[in-house]
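*Asks:* Need coordinates for the below:
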Amino acid sequence: MQFRQQALAKLQSPEELDLPVRFARPQGWLALSVSVVVMAAASVWAVTGSVASTVNAQAVLTHGQGSYILQSPVAGQVTAVLARQGERLAADAPVLKVHTGQGDEVVRTVAAGQISALAATIGQIIQTGTNVAAVEKIAHASDPLYATVYVPAENASAIPADAPVDLTVSSVSTQEYGVLRGHVKSVDRAAQSAQSISAFLGDDQLGEQFTKKGRPVAVLVRLDPSRRTKSGYRWSSADGPPFRLDSMTLASGAIRLADQHPVDWLLP
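*Replies:* Numbers count the residues shown, from 1 in each chain. Just a heads-up that it's a prediction; the model follows:
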C-alpha cells in the first residue's frame, strides 16, 4: 500500500517542466566524436587507400640466357675430359673425347658458356643422347646475374612491371646480411613445364622441384646493382655478404603485387 500511495502522489504532482534536461554526459559526447572521426577516416581510406600484398615463390640465380644440357652425339667410352667445371668455353669447344667403334670422337659445346656441371668421367660408357654436361650461356665474365622466380600461374597477371622483389638467398644469412633487392624485368606469358624449366636451367631435378605444385610462370628479376657491396648488388643491409654470388644458387622471392583498393572488397 505504501508504494501505491507514492505512485498516486507522483501522478497527482505537477511535472517539473522548469528543470533542464541532460541529453548526454561529456564522456558520451567524446566517445561519439571519436567514433565519427574514425568512421570518416575509414571511409576516406576505403576510397583512396590501397593494400599491398606479395606472392612468395621459389627462385634461382642465373645469367639471363639460361643454360643447356650438353648431350653426347655418339656412343662409346670416355677416354678424356677436356674441360673443367666452372670453365668458360667458346662455341664448338672440346669437352670430352669418346672412343667409338669408328675411332675417337670429340664432344663439343653447342654455344659459348660456362661449364656448371660435368656428368661424365674417364672410363665411363655412354650412349648417344647421354647428358654429359650442363653449360650456362655466358658471353662475358661481366654478364650480370638475374633471378628467375617461378610463381603460381594464378598470380602472374597481378605482377606489375618493375615490381620490387626481395630475395632470400640460400647461401646468405638473412639475419646477418638481409635480403637481396631486385625488380621485375619480365613475366612469361605461358606456364612452364618441368621439361622447359630443366632445359633452361640445365638441371632435371630443379625442373621437377619447381613444378611440384603445378606448372608455374617464370618471372625474370633484374638484381639492383651496387658499387659498395662485395657481391655487386644491393641488399637490405648496408654492405651485404662479404663474397660474390654464384650462379645456380637457390633462393626464394617475395614479389609485390599490384595494390588493391579496399572498397573493391566491399562492393558486390
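*Asks:* Every contact and neighbour count from this point should use C-alpha atoms.
*Replies:* OK.
*Asks:* can you give me how far stretch 66-75 is from the chain middle?
*Replies:* 29 Å (C-alpha atoms, centre = their mean, to the nearest Å).
*Asks:* Touching it from outside, list them.
*Replies:* 98, 100, 105, 107, 109-110, 125-137, 199-203 (C-alpha atoms under 8 Å, 6 or more residues apart in numbering).
*Asks:* Quick check on these: which are buried?
*Replies:* 98, 105, 107, 109-110, 126, 130-137, 199-203 (16 or more other C-alpha atoms under 10 Å).
*Asks:* now the closest residue to residue 164 other than its chain neighbours, what's its secondary structure?
*Replies:* Excluding the flanking residues, the one nearest residue 164 by C-alpha to C-alpha, 6 or more residues apart in numbering is residue 183, at 4.5 Å. Under DSSP: H, G, I helix; E, B strand; the rest coil, the three-state class of residue 183 is strand.
*Asks:* which residues does residue 183 form a beta bridge with?
*Replies:* Per DSSP bridges, the residues bridged to residue 183 are residue 164, residue 222.
*Asks:* and what of residue 253?
*Replies:* residue 57, residue 167.
*Asks:* so it sits right up against residue 58, yeah?
*Replies:* Yes. With contacts counted by C-alpha atoms under 8 Å, residue 253 reaches residue 58, the gap being 6.2 Å.
*Asks:* still on that earlier bit, now for the residue nearest to residue 164, how many residues are close by?
*Replies:* Around residue 183 there are 19 other residues, counting by other C-alpha atoms under 10 Å.
*Asks:* show me what contacts it?
*Replies:* 162, 163, 164, 165, 221, 222, 223, 224.
*Asks:* Leaving out the residues flanking it, which one is nearest to the last one?
*Replies:* Spatially, and ignoring its direct neighbours in sequence, residue 224 is nearest to residue 182 (4.9 Å; C-alpha to C-alpha, 6+ apart).
*Asks:* cool, the fifth one as well?
*Replies:* Spatial nearest neighbour of residue 221, excluding adjacent residues (C-alpha to C-alpha, 6+ apart): residue 184 at 4.4 Å.
*Asks:* from memory residue 224 sits against residue 181, does it?
*Replies:* Yes. Residue 224 is within contact range of residue 181, at 5.8 Å (criterion: C-alpha under 8 Å).
*Asks:* Comparing the two, which residue is more hemmed in?
*Replies:* It is residue 181, of residue 224 and residue 181, that has more neighbours when counted by other C-alpha under 10 Å, with 20 against 16.
*Asks:* returning to what we had before: right, and the residue nearest to residue 221 touches residue 219 too?
*Replies:* Yes. Residue 184 is in contact with residue 219 according to C-alpha under 8 Å; the separation is 7.0 Å.
*Asks:* one step back: of the contacts of residue 183, closest to residue 85?
*Replies:* Residue 85 has its nearest neighbour among the contacts of residue 183 in residue 223, at 25.1 Å by C-alpha to C-alpha.
*Asks:* Kindly format the C-alpha coordinates of stretch 91-104 as CSV.
*Replies:* Output of stretch 91-104 as CSV, limited to C-alpha atoms (Å, rounded to 0.1, in the frame of the first residue of the first chain):
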residue,chain,number,x,y,z
ALA,A,91,81.1,-22.3,-79.0
ASP,A,92,82.3,-25.6,-80.5
ALA,A,93,85.0,-26.0,-77.8
PRO,A,94,86.0,-29.6,-76.9
VAL,A,95,84.5,-31.1,-73.7
LEU,A,96,85.0,-34.9,-73.9
LYS,A,97,86.9,-37.4,-76.1
VAL,A,98,85.0,-40.6,-76.7
HIS,A,99,86.3,-43.8,-78.2
THR,A,100,83.8,-45.4,-80.6
GLY,A,101,83.9,-48.3,-83.0
GLN,A,102,84.9,-45.9,-85.7
GLY,A,103,87.6,-44.2,-83.8
ASP,A,104,87.9,-41.2,-81.4
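*Asks:* And the helices in the stretch 151-268 of the chain, which stretches?
*Replies:* Counting by DSSP state H, counting those that start in this stretch, the stretch 151-268 of the chain has these helices, from start to end: 174-177, 194-201, 204-209, 262-266.
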